[in-house]
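**Q** Structure for this input, please:
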Amino acid sequence: MPENAAPLFAPNEVHVGQDVGGREVHVASADVERYREGTAGNDLPSDPAPALSYHSEVYRDLSWYLPRLIGNLHARQEWELFHPMRVGDVARSRVTVVERYGKRNRDYVVAEVLWTTPEGRWLQRSRTHQSFVADDPGESLVVDKDRERRSDRRFILPDGPGEALPFRTRTVTHDMCQAFSGPGRNYHTDREMARALGFPDIVVQGMMSVCFVADALALRYGAGWHHGGKLDVRLVNVVWPGDTITARGLVREIVPEGSQERALLEVWSTKTDGTVTVIGTASALLGR
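**A** Sure, this is the predicted structure:
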């Protein structure tokens, strides 16, 4: 760029290529325990660490958010696993804005988190699609508890032949929300703050339903999940405290991959009344 050329982006403008920063962590047993408390995941092995132990790394620095915070929602989550994290390992994160787009009166920003070893080996990569209301909603509730009953919030679930993932059911408590999204006050832990952002109650962090599905895959596929697992889900309905969520999956195809085989699945999670909270696809190696 010529020395006197105007900058391409305005100060503080959220843009593709924006470097949000990162950090170095020592994977600790306390991190694993907090994850278990936040997901009621006492059935998970302690080694390796749950793949999504650092599920909220993307939210540590919100400089990639648009300024219209009222009614913002986590819309889609992608995850790719390359190598497990183990307690005692050192890992480094880096967050980058990789996409912006608009759809149905909402603006979307996609932030990617890349975890590596200090030597640069990739451990995992995730992409978080966050949506923001395009127009000022004023004083009205942006998302109420009747929204999930609308016809456009109902989804046809997969059925037919294929191995089903063992059901995994969890009832979301306030203590889980605090462990998962705390320790500070925010709209995932505090009802007053949730109402200030246009919601009638605490909004259970969308990543929790994603973790429920990821943990079901980890329990079924073990090392085949940690070495090459993939997950791509849309977050389609809000979860509220007290909701009971069941993670499910159905194998659609087994395909060869080198000396291994990969299971391709449709995955989803539902409330007791059948309301879908996340839905999408996943895959893992069979480890044969």
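
**Q** Helices of this protein, residue ranges please.
**A** Ranges of helices in the chain, per DSSP state H, are 29-39, 174-181, 191-196, 206-221, 223-226.

**Q** List the buried residues of the second one.
**A** Yep, that's helix 174-181 we're talking about. 176-181 (16 or more other Cβ atoms under 10 Å). In short, each C-beta sits where N, CA and C put it, glycine included.

**Q** Likewise for the last one?
**A** By neighbour count, with 16+ other Cβ under 10 Å as the criterion, the buried positions of helix 223-226 are 224-226.

**Q** which of those lies closest to Ser209?
**A** When the buried residues of helix 223-226 are ranked by distance to Ser209 (Cβ to Cβ), Trp225 comes first, at 17.3 Å.

**Q** correct me, but that closest one touches Ala218?
**A** Yes: Trp225 is in contact with Ala218 according to Cβ atoms under 8 Å; the separation is 4.8 Å.

**Q** Now the common contact residues for these two.
**A** Ala51 (Cβ atoms under 8 Å, 6 or more residues apart in numbering).

**Q** Please enumerate the strands of the protein.
**A** 19-21, 24-26, 73-81, 90-103, 106-116, 122-133, 168-171, 230-235, 244-257, 260-270, 276-285 (DSSP state E).

**Q** Tell me which of the ones you listed sits nearest to Ala10.
**A** That would be strand 90-103 among these, by Cβ to Cβ, at 14.0 Å.

**Q** other SSEs contacting that closest one?
**A** Applying 3 or more Cβ pairs under 8 Å, 6 or more residues apart in numbering; DSSP states H and E, we find strand 90-103 packed against strand 19-21, strand 24-26, strand 106-116, strand 122-133.

**Q** Dump those to a markdown table, plus mean pLDDT and mean neighbour count.
**A** Putting the helices and strands packed on strand 90-103 into a markdown table (pLDDT from 0 to 100; neighbours: other Cβ atoms under 10 Å) gives the following:
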| stretch | mean pLDDT | mean neighbour count |
| --- | --- | --- |
| strand 19-21 | 97 | 14 |
| strand 24-26 | 98 | 12 |
| strand 106-116 | 97 | 20 |
| strand 122-133 | 96 | 20 |
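
**Q** could the ones you listed go into TSV alongside distance to Gln77?
**A** Shown next, in TSV, are those (distance: least, Cβ to Cβ, whole Å):
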stretch	distance to Gln77
strand 19-21	17
strand 24-26	20
strand 106-116	10
strand 122-133	6
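
**Q** just to revisit the earlier point, in terms of mean pLDDT, which of the helices of the chain ranks lowest?
**A** With a mean of 90, helix 191-196 has the lowest mean pLDDT of these.

**Q** quick one: contacts of that helix?
**A** Counting by Cβ under 8 Å, 6+ apart, 185-188, 200-203 sit against helix 191-196.

**Q** and with 7 Å instead?
**A** If you take Cβ atoms under 7 Å, 6 or more residues apart in numbering as the criterion, helix 191-196 is touched by 185-187, 201-203.

**Q** Out of the residues you listed, the closest to Phe212 would be?
**A** Closest to Phe212, out of all of the contacts of helix 191-196 and judged by Cβ to Cβ, is Val203, at 16.0 Å.

**Q** where does this protein have low pLDDT?
**A** In the predicted model, the chain carries pLDDT under 70 at residues 1-5, 136-153, 288.

**Q** Spatially central residue in it, please.
**A** Nearest to the geometric centre of the chain sits Met207, at 3.6 Å (Cα atoms, centre = their mean).
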